[in-house]
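need a 3D model of the sequence below.
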Amino acid sequence: MSPSNPSQTRKTPRQRRSAETVEAILTAAAHILEKEGFEAATTNRVAVKAGVSIGSLYQYFPNKESLVRALNDRHTQEILELLQRRFAEIRDAPLEVCVRAIVQAMVDVHRVNPALHRVLVNIVPGIGGLAETKALEDAAAALLTQFLKARKTELRPLDPELSAFMLVHAVEALTHAAVLEHPELLKGETFVEEASRMILGYLRPSALDHLGT
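Numbers count the residues shown, from 1 in each chain. Next up, the predicted model:
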């Protein structure tokens with residue numbers, strides 16, 4: 001999920017200096033977006049904030065929409081890498097520990113730069129950046145599907161692919177709603193505990209599984 005769409009970047013930085021320039025540009029764009037919003041994040045303002053010429057910025061980003069998409073791409077890549085590490089770490093842990101660790105990972109990601117995340121959630125759908133988000137959802141669902149298949153003896157009868165799809169979107173919707181409407185909910189442990197309880201209730205066998213049999 002690296003920036004590869006031609007509308008997103010004009011060239012890929014290959015040298016250290018170029019990579020540092022791109023990082024400075026993205027950091028400046030994120031700062032303006034967080035503090036002042038999308039309308040204020042013009043390419044000229046971003047270039048000044050980054051300490052680069054407008055020509056240098058245009059070597060990598062043709063417009064401010066491409067800046068936002070690059071930020072979203074970087075954000076989704078960070079989420080995916082965190083989830084991959086977390087799934088590897090909890091492979092042999094008890095089910096309760098696994099579920100809580102996965103939910104905690106999603107909350108941790110959204111605790112970082114919540115202001116920027118709110119901007120991205122609101123803007124990305126309108127500038128054609130949903131492909132990166134879908135790629136993340138598909139990758140997360142694939143990781144969760146593998147996890148559910150490996151733990152099938154501990155779970156109620158279920159379709160791993162369907163359940164993974166439902167859980168990924170449920171947790172994503174919860175965390176996004178918290179970021180957008182009640183970011184204070186992500187500061188304590190109650191949100192993680194309650195979301196984990198909800199997921200465990202969905203996954204574990206219950207008396208309802210025997211109804212109609």
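
quick check: buried residues in the helix or strand bottoming out on mean pLDDT in the chain?
Using mean pLDDT, DSSP states H and E, helix 114-123 stands out as the lowest-scoring helix or strand of the chain, at a mean of 80. For helix 114-123, the neighbour count (16 or more other CB atoms under 10 Å) marks 114, 116-121, 123 as buried. All C-beta atoms are positioned from the backbone trio N, CA, C, and that covers glycine.

report the distance from that helix to the chain centre.
Taking the mean of its C-alpha atoms, helix 114-123 sits 11 Å from the chain's own mean (CA atoms, centre = their mean, to the nearest Å).

and what of stretch 136-153?
17 Å.

can I get it in PDB, CA atoms only?
Provided in PDB are the C-alpha atoms of stretch 136-153 (Å, rounded to 0.1, in the frame of the first residue of the first chain):
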ATOM      1  CA  LEU A 136      -6.400  -2.000   4.800                       C
ATOM      2  CA  GLU A 137      -9.800  -3.500   5.500                       C
ATOM      3  CA  ASP A 138      -9.100  -6.500   3.200                       C
ATOM      4  CA  ALA A 139      -5.700  -7.100   4.800                       C
ATOM      5  CA  ALA A 140      -7.000  -6.800   8.300                       C
ATOM      6  CA  ALA A 141      -9.900  -9.200   7.400                       C
ATOM      7  CA  ALA A 142      -7.400 -11.700   6.000                       C
ATOM      8  CA  LEU A 143      -5.300 -11.600   9.200                       C
ATOM      9  CA  LEU A 144      -8.400 -12.100  11.300                       C
ATOM     10  CA  THR A 145      -9.700 -14.900   9.100                       C
ATOM     11  CA  GLN A 146      -6.500 -16.800   9.700                       C
ATOM     12  CA  PHE A 147      -6.800 -16.200  13.400                       C
ATOM     13  CA  LEU A 148     -10.400 -17.500  13.500                       C
ATOM     14  CA  LYS A 149      -9.500 -20.600  11.600                       C
ATOM     15  CA  ALA A 150      -6.600 -21.400  13.900                       C
ATOM     16  CA  ARG A 151      -8.900 -21.000  17.000                       C
ATOM     17  CA  LYS A 152     -12.000 -22.700  15.600                       C
ATOM     18  CA  THR A 153     -12.100 -25.300  18.500                       C
END
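
who's in contact with it?
By CB atoms under 8 Å, 6 or more residues apart in numbering, the residues outside stretch 136-153 that reach it are 1, 76, 79-80, 83-84, 87, 91, 95, 98, 102, 155, 158, 160-161, 163-165, 167-169, 172, 203.

same check on stretch 157-175?
So stretch 157-175 is contacted by 102-103, 106-107, 110, 137, 140-142, 144-145, 148-149, 152, 186, 195, 198-199, 202-203, 209 (CB under 8 Å, 6+ apart).

mind listing what's buried along the longest helix along the chain?
Using DSSP state H, we find that the single longest helix of the chain is helix 64-89. Going by neighbour count (16+ other CB under 10 Å), the buried part of helix 64-89 is 64-77, 79-80, 83, 86-87.

go on, stretch 149-164?
155, 160, 163-164.
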